[in-house]
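Chemist: fold the following, please.
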Amino acid sequence: MKRLTLAALALFAFIGAANAQQTNLGPFTTTATAGAAATLAALPSNPTRRAATICNGHATQTVTFTTGTVTPVSLTVGQVLPAGNVVASCFTIGSPAGPQGIAGAQINVIASGAATPVTFFEYP
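Modeler: Model (predicted):
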């Protein structure tokens, strides 16, 4: 019995605490209301952002977005997100599993009309 106890103690001496695993945080959700005038930094810059998904939540109005310091102009300058809550109403920059900072620039928006909901999913 003593041998078994000593063997068990020896085994536990080599077993340490489990290594911590990095927590992959889910996306943070931010909403903004876009209008006919450009909203700069609707989603502020974040140097650790891996990805960002921008979604147009309006049934009939389009949303145009740009990144960085480029001012969006509705349907002219930037990426246009169609209305109607279809798959094409969202656009993703970067990858949630990608390197940090790849989608860190600020995101600017403008809509083809007033009171257009825009949802951002931000992956840190």
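Chemist: surely Ile93 touches Leu43?
Modeler: No. If you go by C-beta atoms under 8 Å, Ile93 and Leu43 don't touch, sitting 10.3 Å apart. All C-beta spots, glycine's among them, are computed from the backbone N, C-alpha and C.
Chemist: overlap of the contact sets of these two?
Modeler: When C-beta atoms under 8 Å, 6 or more residues apart in numbering defines a contact, the residues bordering Ile93 and Leu43 alike are Ala52, Ile54, Ile107.
Chemist: output the contacting helices and strands for the helix or strand where Thr64 lies.
Modeler: Using DSSP states H and E, Thr64 sits within strand 63-67. When contacts are defined as 3 or more C-beta pairs under 8 Å, 6 or more residues apart in numbering; DSSP states H and E, strand 63-67 sits against strand 51-56, strand 79-81, strand 107-111, strand 116-123.
Chemist: how much space between Gly68 and Gln106?
Modeler: Distance check for Gly68 against Gln106: by C-beta to C-beta, to the nearest Å, it reads 7 Å.
Chemist: comparing these two, which residue is more hemmed in?
Modeler: More neighbours surround Gln106 than the other of Gly68 and Gln106, with 16 against 11 (other C-beta atoms under 10 Å).
Chemist: which stretches in this structure count as helices?
Modeler: For the chain, the helices defined by DSSP state H cover 2-14.
Chemist: pLDDT weak spots in it?
Modeler: Under the criterion pLDDT under 70, the flagged ranges of the chain are 1-25.
Chemist: could you rerun that using 90?
Modeler: Applying pLDDT under 90 to the chain flags the ranges 1-26, 74-75, 85-87, 97-98, 100-101, 124.
Chemist: ok, and the most crowded of the shared contacts of Ile93 and Leu43?
Modeler: Among the shared contacts of Ile93 and Leu43, the one with the most neighbours (other C-beta under 10 Å) is Ile107, at 28 neighbours.
Chemist: need the contact list for it.
Modeler: Counting by C-beta under 8 Å, 6+ apart, Ile107 touches Ala41, Ala42, Leu43, Ala52, Ile54, Phe65, Thr66, Thr67, Ile93, Phe120.
Chemist: Ile93 and Leu43: who's more crowded?
Modeler: More neighbours surround Leu43 than the other of Ile93 and Leu43, with 24 against 19 (other C-beta under 10 Å).
Chemist: noted, bye for now.
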